[in-house]
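**Q** Next input, structure requested:
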Amino acid sequence: MEPTMKIWIDADACPRVIKEIVFRASGRLKIAVCLVANKSLAKHETRLVRCVVVGEGFDVADDYIADNAAPEDLVITADIPLAARIVAKGGVALDPRGEPYTEDNVGERLSMRDLMAELRAGGLLQGGPAQFSLTDRQRFASSLDRLLTRMVRGEKPL
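**A** Purely as a prediction, here's the structure:
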């Protein structure tokens, strides 16, 4: 029996290598994937992968995902406010570096994000997140495998 869950990808800023890892897992486990972005995405040659292009605007893709993702779905996003919305709905979210968002950590991550934005705006801090590394890719693949295994079995993922 095929799983009823779906994997949502906040695709505008998601690294291609992460999408490829998700596509392989999707094919192996027969889980549908929906990429949501503000611009056209490369076509994928599988019936399990669907691309949704939403209108331009701040948080339009995030709103689409938050409105359409079900609690049994997995959302892949680096956007902490979107992850907070998913977690608040009882859903599961994972960042592209393999760190799960949970009720215990999403509030702290939002606060840290806001503090860093203030420091950057005030000129006290420059730059953004570190370069995406091989370690990040490996951590993501392991976390994704662990989460999907539990979710497909109907177990609590986190």
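**Q** Residues contacting the helix or strand where L148 lies, please?
**A** Using DSSP states H and E, L148 sits in helix 134-152. With contact meaning CB atoms under 8 Å, 6 or more residues apart in numbering, helix 134-152 is reached by 3, 5, 17-18, 21-22, 25, 29, 31, 72, 74, 92, 94, 96-100, 156-158. Placement of C-beta: from N, CA and C, glycine included.
**Q** Generate the PyMOL command that creates a selection of the buried members of those residues.
**A** For the buried members of the contacts of helix 134-152, the matching PyMOL selection, counting by 16 or more other CB atoms under 10 Å, is:
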select buried, resi 3+5+18+21+22+25+29+31+74+92+94+96+97+98+99+100+157+158
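**Q** Which of the contacts of helix 134-152 fall within strands?
**A** 74, 92, 94, 100 (DSSP state E).
**Q** Count the residues that sit near the residue nearest to R97 when sequence neighbours are not counted.
**A** Nearest residue to R97, sequence neighbours excluded (CB to CB, 6 or more residues apart in numbering): D136, at 4.4 Å. Neighbour count for D136, taken as other CB atoms under 10 Å: 20.
**Q** pLDDT at D136, what is it?
**A** Predicted confidence (pLDDT) for D136: 94.
**Q** residues touching T4, list them.
**A** E72.
**Q** Now for the ones in strands among the contacts of helix 134-152: which two are most distant?
**A** L74 and P100 (9.7 Å; CB to CB).
**Q** Pull up the overlap in contacts between the two.
**A** In terms of CB under 8 Å, 6+ apart, L74 and P100 are both contacted by the residues 92-94, 147, 157.
**Q** No further queries at this time; thank you.
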